[in-house]
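>>> pasting the sequence and the predicted model now:
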There are 2 protein chains.
Amino acid sequence: MGRPRQFDEERVVRAAYGEFWNKGFDGTSTADLCRATGLPRSSLYNTFHSKEHLFRRALAHYVTTMTARQSAVLDTPGTTALERVRALLAVIVEDEAANQANGRGAGCFTVNTITTVASRNPDIAQLVDADLRRRLSGLRLTLMDGQLDGSVAADRDPGELAWYVTSLIYGMRVAAQSGAGRRTLEGIASTGVAALTP
Amino acid sequence: MGRPRQFDEERVVRAAYGEFWNKGFDGTSTADLCRATGLPRSSLYNTFHSKEHLFRRALAHYVTTMTARQSAVLDTPGTTALERVRALLAVIVEDEAANQANGRGAGCFTVNTITTVASRNPDIAQLVDADLRRRLSGLRLTLMDGQLDGSVAADRDPGELAWYVTSLIYGMRVAAQSGAGRRTLEGIASTGVAALTP
DNA sequence: CTCATTTTGGACCGATCAATACAAAAAGGC
DNA sequence: GCCTTTTTGTATTGATCGGTCCAAAATGAG
């Protein structure tokens, strides 16, 4: 019943994400979104109710895939917890280096959202916050593991250490966006991990 | 000769800075700027050539005062270099706590600029970059001092450590904007400093 | 006082904004 | 082959955008 859609919804969300990532929420016009997704205006508004709803979908897509990837690294068995945190930071470095190599904009969609729209939009802030809690709790578990296997300093609150690692990643993301190259990011990660060792 | 101005240019720049800080470059309209500064449109455009020029003035004002304050802390004599870095991070914590207490938006104007307009505006990017280099070189000198007085690990490149501290501050700024309170920020700073000790 | 010069107050500009309206097009159900 | 339902394409909406124009106001110079 009814005319079938001529596009894949997920593909459209990804295209919209790329546009929002490059230009930000305010800097992206609905005309930009039409061009990037290849959809006419009415199809966009028929499927997603507004520019903001589409942004939320794009953000949700990003945090889901990104946090899943990070969780996978943290949950990889076979090494110490500290090594897994090190591997997580290496993934961040790899991401940013790939972005710079491919000419795409650097930085993290979540960080950019935090510093712009999140402060003025409760719904978007809630999405970001839920993702933050998820990442914090995953990190906390890994760091508690590290305190048990002896690879992480035991005299600090694991929740505090989780916030530290999160903050370190945020900082690396901003550093990448302000021109830090692969070597520099590796140095930051290497130095940053030193704060976790006993 | 000619009618005298009825406003203080510095005060206008500060008012514009507050507006840009709250809403970002794209989110701030020229009408917003008129309201916040109390100036009519023509006076704004007569004094500053465009919205972008006014933003540059606001950004320059912010980085100048902020970097001067941080340099003052780093150059305070009488303690070890590590203690001075610790004091610098305490200033950051104090800033963010004060912002949250006064109900103002959290975060750092420079970070917000990096994650938004800097990637698409070379002139603004250059302002941010010049400030970054200034802060990095100041930090590097302090950290070299620390390697001499024994308070900072001597087996790491001071330039790398300077990038690490910068990144740590960036991270704290984003963390503050994503809801981290004073206690949490103090924990991040405390943990982060541990990476610098011998 | 008069004139040259600058600022001030708003009206005004074309462009662009997010969003809507609506009819043609394309499918399944019968 | 029609009828219902949904999507698609495009025209258009009122609002707002950054920026300009111009005459009134306000000063110092002569």
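Sure thing, it's come through.
>>> what helix or strand does the residue in chain A that DNA strand D sits nearest to sit in?
Evaluated by Cβ to the nearest atom of the strand, chain A has residue A:2 as its residue closest to DNA strand D, separated by 2.3 Å. Yep, even glycine has a C-beta here, placed from its N, CA and C like the rest. Assignment of secondary structure by DSSP states H and E places residue A:2 within no helix or strand.
>>> that one: neighbour count?
A count of nearby residues for residue A:2, using other Cβ atoms under 10 Å in any protein chain shown, gives 4.
>>> give me phi/psi at it?
With angles defined as degrees, to the nearest 10, residue A:2 sits at phi 80, psi 160.
>>> and the pLDDT at it?
Reported pLDDT at residue A:2 in the predicted model: 73.
>>> same check, this time on the one 10 residues further on
As predicted, residue A:12 sits at a pLDDT of 97.
>>> got it, and residue A:5?
86.
>>> distance of residue A:181 relative to chain B?
Residue A:181 sits 10 Å away from chain B, going by Cβ to the nearest Cβ, to the nearest Å.
>>> for that residue, give its distance to residue A:93.
Noted for residue A:181: a distance of 10 Å to residue A:93, by Cβ to Cβ, to the nearest Å.
>>> so those two - more neighbours on which side?
residue A:93 (21 against 13).
>>> tell me who's in contact with the closest residue to the more buried one other than its chain neighbours.
In this structure, residue A:93 finds its nearest non-sequential neighbour in residue A:185, 4.6 Å apart by Cβ to Cβ, 6 or more residues apart in numbering or on different chains. Taking Cβ atoms under 8 Å, 6 or more residues apart in numbering or on different chains as the definition of contact, the neighbours of residue A:185 are A:92-93, A:96-97, A:172, A:175-176.
>>> do you know how far residue A:47 is from residue A:64?
The span separating residue A:47 from residue A:64 equals 19 Å under the rule Cβ to Cβ.
>>> for DNA strand C, what are the nearby residues on chain A?
Applying Cβ under 7 Å from any atom of the strand, we find that chain A lies next to DNA strand C at A:1-4, A:28-32, A:41-42, A:45, A:50-52.
>>> try 6 Å
Proximity of chain A to DNA strand C is assessed by Cβ under 6 Å from any atom of the strand, with A:1-4, A:29-31, A:41-42, A:45, A:50-51 identified as the residues in range.
>>> before we move on, the earlier item: out of the contacts of residue A:185, who's nearest chain B?
residue A:175 (4.6 Å; Cβ to the nearest Cβ).
>>> looks like the closest one contacts residue A:184 (just checking).
Yes - between residue A:175 and residue A:184 there is a contact at 7.0 Å, judged by Cβ atoms under 8 Å.
>>> can you list residues touching both of the two?
The contact lists of residue A:175 and residue A:184 share residue B:163, where a contact means Cβ under 8 Å, 6+ apart.
>>> of those two, which one has the most company?
When neighbours are counted by other Cβ under 10 Å, residue A:175 and residue A:184 differ, and residue A:175 comes out ahead with 26 against 19.
>>> how about that one, secondary structure?
Taking DSSP: H, G, I helix; E, B strand; the rest coil as the rule, one finds residue A:175 in the helix state.
>>> contacting residues around it?
Residue A:175 makes contact with A:184-185, A:188, B:163, B:166-167, B:170, according to Cβ under 8 Å, 6+ apart.
>>> and stretch A:152-162, how far apart are its ends?
When the termini of stretch A:152-162 are compared using Cα to Cα, to the nearest Å, they are 12 Å apart.
>>> that one near chain B at all?
Yes - using Cβ under 8 Å from any Cβ of the partner chain as the criterion, contacts between stretch A:152-162 and chain B involve A:153, A:156-157, A:160-161.
>>> now do the buried residues in that stretch.
Using 16 or more other Cβ atoms under 10 Å in any protein chain shown as the test for burial, stretch A:152-162 gives A:152-153, A:156, A:158-162.
>>> nearest to DNA strand C, of those?
Minimum separation from DNA strand C among the buried residues of stretch A:152-162 (Cβ to the nearest atom of the strand) is found for residue A:162, which lies at 36.5 Å.
>>> the helix or strand that contains that closest one vs helix B:158-177, what angle?
Secondary-structure assignment from DSSP H and E places residue A:162 in helix A:158-177. Taking axes from the mean of the first three to the mean of the last three Cα atoms, to 10 degrees, one finds helix A:158-177 and helix B:158-177 inclined to each other by 110 degrees.
>>> could you list the buried residues of the helix or strand just after helix A:158-177?
Next in sequence after helix A:158-177, counting helices and strands by DSSP H and E, comes helix A:182-194. If you call a residue buried by 16+ other Cβ under 10 Å, then helix A:182-194 has these buried ones: A:184-193.
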